[in-house]
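**Student:** Any chance you can model this:
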Amino acid sequence: MTKLLAPGGSYIIADDAHVAITTGKFTLQGIYMGDIVIPEDGAQVAQLIFFFQIFSPISKPIQNVSLQIKFPKTDQPFFLAIPDSQISESPRASSEKNIWNIRFPFPVSGPILHRGKIEIIVTHKSGKFELLPTWIITADENAQRMMRLSVANASPPPS
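**Tutor:** A predicted model of the protein is given here:
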């Protein structure tokens, strides 16, 4: 198993989230498993919930973390500063595998969605890094892609 050498992260995008008051558990609903498909360019949705997991090696604690989400064709990104109190040590089987871990929801209300790439940047005391993007595509583009995939995967007729 390899050692974690640099900060990194991942995220899930969903339409809605519920939090259990007694346990603090999150339930995500309407999870996007790939591209976000919109009926037409410029569609507005009620909200999107980005649920992040940000981590760093135990030897390099991540501090002063903020998240930036930039939607295509928008001037103003959405920002969220994460309190250092939300950063916790996640113990592993041996101390050299321990990591600093942040699990945090980031609700975005009423975004207008255009075709293109959602850019996500994590900034912290020692620098910044970009997470893998999610793409927004229209329903027509998705239908064309599905058609190409079905043609490419079609079996030849039996002889």
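
**Student:** close enough to count as contact, residue 99 and residue 59?
**Tutor:** No: the criterion here is Cβ atoms under 8 Å, and residue 99 misses it with residue 59 at 9.9 Å. C-beta: built from backbone N, CA, C; applies to glycine.

**Student:** which one of the two has more residues nearby?
**Tutor:** Counting neighbours by other Cβ atoms under 10 Å for residue 99 and for residue 59 shows that residue 99 has the greater number, 21 against 12.

**Student:** Bridged to that one, which residues?
**Tutor:** Bridge pairing for residue 99 (DSSP bridges) gives the partners residue 57, residue 90.

**Student:** Distance of it relative to residue 51?
**Tutor:** Computed as Cβ to Cβ, to the nearest Å, the residue 99 to residue 51 distance reads 18 Å.

**Student:** now residue 37
**Tutor:** Residue 37 is 20 Å from residue 51, by Cβ to Cβ.

**Student:** Looks to me like residue 80 is in a strand.
**Tutor:** Yes: assignment of residue 80 by DSSP: H, G, I helix; E, B strand; the rest coil places it within a strand.

**Student:** per-residue confidence for it?
**Tutor:** Looking at residue 80, its pLDDT is 93.

**Student:** That one contacts residue 66, correct?
**Tutor:** Yes: judged on Cβ under 8 Å, residue 80 makes contact with residue 66 at a distance of 6.5 Å.

**Student:** neighbour count winner among those two?
**Tutor:** residue 80 (16 against 13).

**Student:** That's all I had, so thanks and see you.
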